[in-house]
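Asker: quick one, fold the following:
(one chain, ligands or ions: 1)
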Amino acid sequence: MRIYREADYGAMSRRAAGLIAAEVVRKPACVLGLATGGTPVGTYEELIAGCRRGDFSFREVHTVNLDEYKSLAPDHPQSYRYYMQTHLFDHIDIDPANTHIPDGLADDARAECARYDALTESIGFADLQLLGLGRNGHIGFNEPGDCFRKETHVVDLTQSTIDANARFFAHAGEVPRQALTMGMGCIMAARRVLLIASGEEKAEAIYQAVCGPVTPQCPASILQLHRDVVIVGDAAALEKLVKAGVPVCG
Ligand code: GLP
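Answerer: I've put the predicted structure just below:
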């Protein structure tokens, strides 16, 4: 596990974008696993700028996103499809047919989950999987629980996640109570995992993910079992790790 400590959100975003860009340059037809939430917004802005400069191209890239709210239409402003279009896909030269996100409107959600796993496997899993981190240690929408779920599945969101994501909606009552999320199987099958975190409210979750026991009570702790994980955090998010003496770059 390599941990980069950056001064602030901007530096974290530049570092993360640099690592993703390097992957695209190394392998132009790579598969990128992508994430949503507030944290990756700056990373996506950096990628858009690099693509516009002509530093790299997404023409041959395929993407698989981690999750989608159940029952939100793709054009709903808080759906993760809408997020990806507006924060990244609409501004880069990617082929829309190569971008994949679970369908939150599928009549048969379980069949949609099985389709999504088969699709992710058929394109060879992610070369690089970008992850944000929930305050409770969730990745994708894999919430704390009694077991790690391998397959893409429908999940009941915890109150902590609903509260954290309420800031994107008019009020907490509008936050969907369920989501479709990639399970740990596809996440752990990625060749490299890039976890990004910003702000002191992530410090405890990052600390538990890296130094705590591997337990489904902290879903991100499973990454301790992955052979190629890079964490990029700002100083506030990594403060607890650094205090505990965990070696970091920067
Ligand atoms: C959501 C997403 C996660 C994301 C998390 C953290 O719940 N499903 O993929 O990592 O929020 O979001 P933020 O970056 O806004 O803190």
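Asker: paired strands for the helix or strand where V64 lies, with orientation please.
Answerer: Taking DSSP states H and E as the criterion, V64 maps to strand 62-65. Strands that pair with strand 62-65, judged by DSSP bridges, come out as strand 31-34 (parallel), strand 99-100 (parallel).
Asker: show me which residues of this protein are close to the ligand?
Answerer: Within the chain, the positions near the ligand by Cβ under 6 Å from any ligand atom are 35-39, 66-67, 132-134, 140-141, 161, 165. Yep, even glycine has a C-beta here, placed from its N, CA and C like the rest.
Asker: any idea where the helices of the protein begin and end?
Answerer: Secondary structure of the chain by DSSP state H: the helices cover 9-26, 41-53, 80-87, 109-122, 159-165, 184-189, 203-211, 235-243.
Asker: got the contact list for the fourth one?
Answerer: The contact list for helix 109-122, computed with Cβ atoms under 8 Å, 6 or more residues apart in numbering, reads 64, 70, 100, 102-103, 106, 126, 151-154, 180, 182-183, 185-186.
Asker: and for A118, the neighbour number?
Answerer: Neighbourhood size, A118 [other Cβ atoms under 10 Å]: 10.
Asker: distance of it from the ligand?
Answerer: Per Cβ to the nearest ligand atom, to the nearest Å, A118 is found 22 Å from the ligand.
Asker: same check, this time on D103
Answerer: Plainly put, D103 is 16 Å away from the ligand if you go by Cβ to the nearest ligand atom.
Asker: nearest residue to that residue other than its sequence neighbours?
Answerer: E112 (5.3 Å; Cβ to Cβ, 6 or more residues apart in numbering).
Asker: and the one you found, what's its pLDDT?
Answerer: For E112, the model assigns a pLDDT of 98.
Asker: just the one 10 residues further on next, same as before
Answerer: S122 carries a pLDDT value of 98.
Asker: buried stuff in stretch 27-36?
Answerer: Across stretch 27-36, burial judged by 16 or more other Cβ atoms under 10 Å covers 30-36.
Asker: about what we covered before: any residues touching the strand holding V64, and which ones?
Answerer: Against strand 62-65 from outside (Cβ under 8 Å, 6+ apart): 29-36, 80, 84, 94, 98-102, 119-120, 123, 126, 182, 186.
Asker: same question, stretch 83-91
Answerer: If you take Cβ under 8 Å, 6+ apart as the criterion, stretch 83-91 is touched by 34, 36, 40-41, 44-45, 47-48, 51-52, 63, 65, 96, 99, 101.
Asker: can you pick out the most distant pair from those residues?
Answerer: R52 and I101 (23.4 Å; Cβ to Cβ).
Asker: tell me which of these two has more neighbours.
Answerer: Per other Cβ under 10 Å, whichever of R52 and I101 has more neighbours is I101, with 24 against 11.
Asker: which residue sits closest to that one, ignoring its sequence neighbours?
Answerer: Nearest to I101 is N65, by Cβ to Cβ, 6+ apart, at 4.2 Å.
Asker: and the one you found, what are its bridge partners?
Answerer: Here N65, judged by DSSP bridges, has bridge partners L34.
Asker: picking up where we left off before, would CSV of the strands paired with strand 62-65 with mean pLDDT be doable?
Answerer: Output for the strands paired with strand 62-65, formatted as CSV (pLDDT from 0 to 100):
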stretch, mean pLDDT
strand 31-34, 98
strand 99-100, 98
